[in-house]
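Novice: heads up, no residue letters with this:
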């Protein structure tokens, strides 16, 4: 957010003319040497652990570039902590350019990092000039994307794709754009939910008003509350002057709560009150102010599941989901993958450096599940253009950029793609998944039987004592 404090770089005061480079590595020698080698070009800041990184980002705006080691404490020989952080960083800012710099460079680790959204993977040890070139390339890509972000058409035509699901999405944007009610945009990471929100605003009645996205995952609850509502002087420690909040600043425009599932319980209650009453207070102020903005929310979580698990308020879910739309996963968009490949190829190359796909490579592209969705496809195109300029990309070259575990025959895409995506989640735990499923069956059986244990046990095909012992683990019978 624009009001976040600046990063303080390693070894000195901030030079705001340089781009921020966040280095996540617990090796002090590497941090020290890179801070000297790259200090002329970047404001280099560092964190040694996943927790340190997230704490740092709660106080500062997301950096433009990140160098991330996969092997982080407490288990520096296990890549899962780094992969988990990779996903969390992109949830805070999907445009962040994350380059993995790690010695854990097995093919599986490389492919999983790239599938999750890493812009590049660089193996340790690395020559300094190669690292400089890779960083410069990602800076160039980020600048190009920023320039293009302001050239979108108001009718949503830049939401490329001719698949039925994309045609339906564009129709819904047209239908819902001028409706003033709250709207919930659902979809996996990397599908383009924020782009859909922008199109809804641009096609709406208040298109000339402000559009303001608020990343609920990027700020701690206390700071986000002050940013949303504004505050008077002295309302809390460090409130040295009066400041308007996002509700004030957006006026009659559109306010997007990006990744709304990350809101704390306290802020969920406050947002519900604002949506119910249409009024809010600045912190430390008694005068009411009227909410005039249209409220949009987006999430990559299943909020219904979050409600069942007690992580999200049911009443707030119903207030936000007066209207809903699902942004489809790339694996469900058929030949749109080829259209988007061509779009990104033209976007990031010239005629002289452009690439094209062989027929066999096109077939492979269409069989790949793309867990990172459009963001992953974009990064694949960028890497192919950088590594094989002006060539016809064959199966072997394309396969190097794709996770071999995520290729499927066309007739298995629908039935297995979701399971494959979940299995490749760094946080996946089979016991937790099975436990949640068991609890849901128990809960429904109890509802059907009117909380009669004997009848519920018969419905579940277990004896009464087995059901009773399982209820002892979850006394309420509800999901954890």
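Specialist: Perfect, thanks for sending it. Keep in mind that this is a model prediction, so the values were computed, not measured.

Novice: residue nearest the centroid of this structure?
Specialist: The residue lying closest to the centre of the chain (CA atoms, centre = their mean) is residue 91, at 2.9 Å.

Novice: tell me the contacts of it?
Specialist: Counting by CB atoms under 8 Å, 6 or more residues apart in numbering, residue 91 touches 189, 217, 259, 262, 300. The way it works is simple: take the backbone N, C-alpha and C, and place the C-beta from them, glycine included.

Novice: so which bits of the one helix or strand residue 270 maps to are buried?
Specialist: Under the criterion of DSSP states H and E, residue 270 resides in helix 265-277. For helix 265-277, burial by neighbour count (16 or more other CB atoms under 10 Å) applies to 267-268, 270-272, 274-275.

Novice: hmm, back to that, what about the residue nearest to the centre of the chain, which SS state?
Specialist: helix (DSSP: H, G, I helix; E, B strand; the rest coil).

Novice: buried residues, the host helix or strand of residue 325. List them.
Specialist: Secondary structure from DSSP H and E places residue 325 in strand 323-326. By neighbour count on 16+ other CB under 10 Å, the buried set for strand 323-326 is 323, 325-326.

Novice: and stretch 246-257, by the same measure?
Specialist: 246-250, 253-257.

Novice: returning to that earlier point: okay, and which of the contacts of residue 91 map to helices?
Specialist: Among the contacts of residue 91, none falls in helices (DSSP state H).

Novice: what's the farthest-apart pair in those?
Specialist: Farthest pair in these (CB to CB) is 189 and 262. Separation: 12.6 Å.

Novice: give me the more crowded residue out of these two.
Specialist: Neighbours per residue (other CB atoms under 10 Å) separate residue 189 from residue 262, with residue 262 holding more: 22 against 19.

Novice: okay, that one: pLDDT?
Specialist: Residue 262 carries a pLDDT score of 90 in this model.

Novice: and if you look at residue 37?
Specialist: 93.

Novice: from residue 457, how far out is the nearest residue to it once chain neighbours are set aside?
Specialist: The shortest distance from residue 37 to any residue other than its chain neighbours is 5.6 Å, reached at residue 128 (CB to CB, 6 or more residues apart in numbering). Distance, residue 128 to residue 457, by CB to CB, to the nearest Å: 67 Å.

Novice: so those two - more neighbours on which side?
Specialist: Neighbours per residue, other CB under 10 Å: of residue 128 and residue 457, the larger number sits with residue 457, 20 against 12.

Novice: per-residue pLDDT of the more buried one, please?
Specialist: For residue 457, the predicted pLDDT is 86.

Novice: so which elements touch the host helix or strand of it?
Specialist: Here residue 457, judged by DSSP H and E, is contained in helix 453-460. Contact partners of helix 453-460 among helices and strands, from 3 or more CB pairs under 8 Å, 6 or more residues apart in numbering; DSSP states H and E: helix 430-449, helix 464-473.

Novice: chain neighbours aside, what residue packs nearest to residue 216?
Specialist: With CB to CB, 6+ apart, the residue lying closest to residue 216 is residue 262, at 4.4 Å.

Novice: same check, this time on residue 248
Specialist: Among residues not flanking residue 248 along the chain, residue 230 sits closest, at 5.5 Å (CB to CB, 6+ apart).

Novice: show me where the stretch 301-450 of the chain has its strands.
Specialist: For the stretch 301-450 of the chain, the strands defined by DSSP state E, counting those that start in this stretch occupy 323-326, 356-357, 392-393.

Novice: show me how far the last one is from its chain's centre.
Specialist: Using CA atoms, centre = their mean, to the nearest Å, we find the averaged C-alpha position of strand 392-393 to lie 31 Å away from the chain's own average C-alpha position.

Novice: could you pull up the mean pLDDT of that strand?
Specialist: The model assigns strand 392-393 a mean pLDDT of 94.

Novice: could you list the residues in contact with it?
Specialist: Strand 392-393 has contacts (CB under 8 Å, 6+ apart) with 355-358, 361, 384.

Novice: show me which pair in those is furthest apart.
Specialist: Maximum pairwise distance in these, criterion CB to CB, is 12.2 Å, between 358 and 384.

Novice: which of these two has more neighbours?
Specialist: residue 384 (24 against 14).

Novice: what sits against that one?
Specialist: The contact partners of residue 384, by CB under 8 Å, 6+ apart, come to 355, 393, 397-398, 401.

Novice: can you rerun that using 10 Å?
Specialist: Residue 384 makes contact with 341, 344-345, 348-349, 355, 357, 361, 391, 393, 397-398, 400-401, according to CB atoms under 10 Å, 6 or more residues apart in numbering.

Novice: separate out the buried members of those.
Specialist: The buried subset of those - by 16+ other CB under 10 Å - is 341, 344-345, 348-349, 355, 357, 361, 393, 397-398, 400-401.

Novice: looking at the residues you listed, which is nearest residue 107?
Specialist: residue 400 (9.1 Å).

Novice: where exactly do the strands run in the stretch 51-200 of the chain?
Specialist: Using DSSP E, counting those that start in this stretch, strands in the stretch 51-200 of the chain cover 65-68, 97-102, 120-123, 183-186.

Novice: mean pLDDT, distance to residue 429 and mean neighbour count added to those, as TSV?
Specialist: As requested, the strands of the stretch 51-200 of the chain are exported to TSV (pLDDT from 0 to 100; distance: least, CB to CB, whole Å; neighbours: other CB atoms under 10 Å):
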stretch	mean pLDDT	distance to residue 429	mean neighbour count
strand 65-68	96	23	25
strand 97-102	94	23	24
strand 120-123	92	25	18
strand 183-186	97	23	22
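
Novice: those into a markdown table, with extra columns for distance to residue 176?
Specialist: What follows is the strands of the stretch 51-200 of the chain, written out as a markdown table (distance: least, CB to CB, whole Å):
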| stretch | distance to residue 176 |
| --- | --- |
| strand 65-68 | 35 |
| strand 97-102 | 32 |
| strand 120-123 | 37 |
| strand 183-186 | 6 |
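
Novice: before we move on, back to that, now render the helices and strands packed on helix 453-460 as TSV, adding mean neighbour count and distance to residue 146.
Specialist: Shown next, in TSV, are these (neighbours: other CB atoms under 10 Å; distance: least, CB to CB, whole Å):
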stretch	mean neighbour count	distance to residue 146
helix 430-449	14	39
helix 464-473	13	51
